[in-house]
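Undergrad: build me a model from this:
(one chain, ligands or ions: 2)
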Amino acid sequence: MHGLASTIWCRPPVAASVFHTRLHGAGQSLPTGSPVWISRISPTSRLAIWTCLAGLRTLCRQSTLQRRASNAKASLAADDLTANGIRRVHMGSTRDRGRCLLATEDAEPGDVLIREKASFVHDMGSNVSQQGAEEIWMQFHQLPSETQAAILGLFCPEQPVRALEDSPGYMLASDDQRRLLGILKVNSVKLRGPGAGVFLTISRANHSCRPNCAFVLSDDATCGLVAIQEIKADEEITVSYISESNLLLPILQRRSALLRPWQFTCACPRCVGVDDTRGLRCSLCGRGVQWASAESDEWQACGSCKGHMDEQEMRRCLSRWWLRYNAMAPLHVEAELAACEFRRGGGCPPERKDPDWMSEVVSLHRSMRDSPAPAPGLDTHWIGSSVAAFAAEAHLWRGELEEAVAAATARATFVKRVLQADTLGLKKVEATRELARRMKEEEL
Ligand SMILES: [Zn+2]
Ligand SMILES: [Zn+2]
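TA: Numbering: from 1, shown residues only. Ligands and ions are numbered 1, 2, ... in the order given. The predicted model follows:
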């Protein structure tokens, strides 16, 4: 049904390349894979890093999935398979989701289900010039006619394609050219090398906010799908079109991230029923949680005492915490980078012994944790969980190891419950928890 245009968990987004280019000079070839290049940054470049916002989230990204992807690649090389050598999926359809990809056999997390070479590589960015559109049109017509027909058979959103509306190359194009640009826009995957690729099979994977597969990209314009959950034969293969951090946001934000580029309203299992990112601690019993409904402004009864808290009080509580959390937002990037630096073994630089973000986040974490209900749960609400993630790093730096372990555990519980998969975010917070635990043992 819908195409895909972004990858999760396995490679840095374009922003990371921009970031790197700024540090080392445009025109230099960019290394592939995100975690390697940060180690090349000299201490004198550190100041530039602190001020560079783009791509920071990619700095810490090295997940189990990446390792699995490398293992998968190694085993592929050993078996001397071609790019299309694995195919454990087939195209099918379901009544409610239309055309989709289905698994041909059972799969375990880490299994590679398909590896596919891009059928068409292009360099259409977010904005297409008139000349760029014409070049793409010409390149497309150099493809074999069967490939052209197969690409034109991929999903195309209703015209005009909103994500291209501001591009001169799109506005001035003929109807046929517009259709092609629209198809490329929603079905392309950003490659590890330059440009983006369209994949005839992988591009048919539908989105889910709890995907069972993730993309794995290789240098040779090849993309694979690796299972991140157990998958049964004939089960639909799903991926996420949005980043993992977006998957941890409430339904409304996820839908809005999907709407403009792909022009559909997600109705995956996480987007109907209960919003699993908005659980408030219940003030009636002090033990249970009240969850927000997915598509209305209502709240479900407490899971423990079955009671309903006063809705006005709940709204007041949420807006209070939202304001405090939002005020901290500019510090998020700094916190991410600081955590990354810690992980690289350098520890906290003496001149940054007590950066602003650290005391802010520690204070927010403690007051949210100790606040009487109703309050966002650290492992049930997206705001609480995000605060817990930052607090885990802050407490670790400050040597408050017990609090670091507790905060990391809350974050891990949230991610596991919401995504039910071994994701990058989960690995990262589990690493924090392990580090804090180890340091605590050494201390004793
Ligand atoms: Zn969804
Ligand atoms: Zn209750």
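Undergrad: confirm Gly197 sits in a helix?
TA: No. The assignment for Gly197 is strand, going by DSSP: H, G, I helix; E, B strand; the rest coil, so no helix is present there.
Undergrad: count the neighbours of it for me.
TA: By the criterion of other Cβ atoms under 10 Å, Gly197 has 25 neighbours. Every residue, glycine included, has its C-beta placed from N, CA and C.
Undergrad: what's the distance between the closest residue to it other than its chain neighbours and Pro376?
TA: Sequence neighbours aside, Ala118 is the residue nearest to Gly197 in space, at 2.8 Å (criterion: Cβ to Cβ, 6 or more residues apart in numbering). From Ala118 across to Pro376, the span is 43 Å (Cβ to Cβ, to the nearest Å).
Undergrad: same check on Ile86?
TA: For Ile86, the distance to Pro376 (Cβ to Cβ) stands at 43 Å.
Undergrad: these two: which has the busier surroundings?
TA: For Ile86 versus Pro376, the count of surrounding residues by other Cβ under 10 Å is larger for Pro376: 26 against 19.
Undergrad: if we can go back for a sec, quick one, what contacts the residue nearest to Gly197?
TA: Contacts for Ala118 (Cβ atoms under 8 Å, 6 or more residues apart in numbering) come out as Val189, Leu191, Gly197, Val198, Phe199, Ala221, Thr222, Cys223.
Undergrad: the fifth one against Ser119, yeah?
TA: Yes. With contact defined as Cβ atoms under 8 Å, Phe199 and Ser119 form a contacting pair (6.6 Å).
Undergrad: what about those two, which has more around it?
TA: Legend: neighbour count by other Cβ under 10 Å for Phe199 and Ser119, higher for Phe199 (27 against 19).
Undergrad: what pLDDT does that one get?
TA: If you check Phe199, the pLDDT there is 94.
Undergrad: same deal with Arg278?
TA: pLDDT, Arg278: 95.
Undergrad: tell me the contacts of it?
TA: Residues near Arg278 by Cβ under 8 Å, 6+ apart: Pro250, Trp291, Ala292, His381, Trp382.
Undergrad: please name the nearest non-neighbouring residue to the last one.
TA: What that stands for is Trp382. In space, Trp382 comes closest to Thr277 once its chain neighbours are excluded; the distance is 4.1 Å by Cβ to Cβ, 6+ apart.
Undergrad: run a quick neighbour tally on the one you found.
TA: Neighbours of Thr277 under the rule other Cβ under 10 Å: 27.
Undergrad: now for the contacts of Arg278: which two are most distant?
TA: Among the contacts of Arg278, the pair separated by the greatest distance (Cβ to Cβ) is Trp291 and Trp382, at 12.2 Å.
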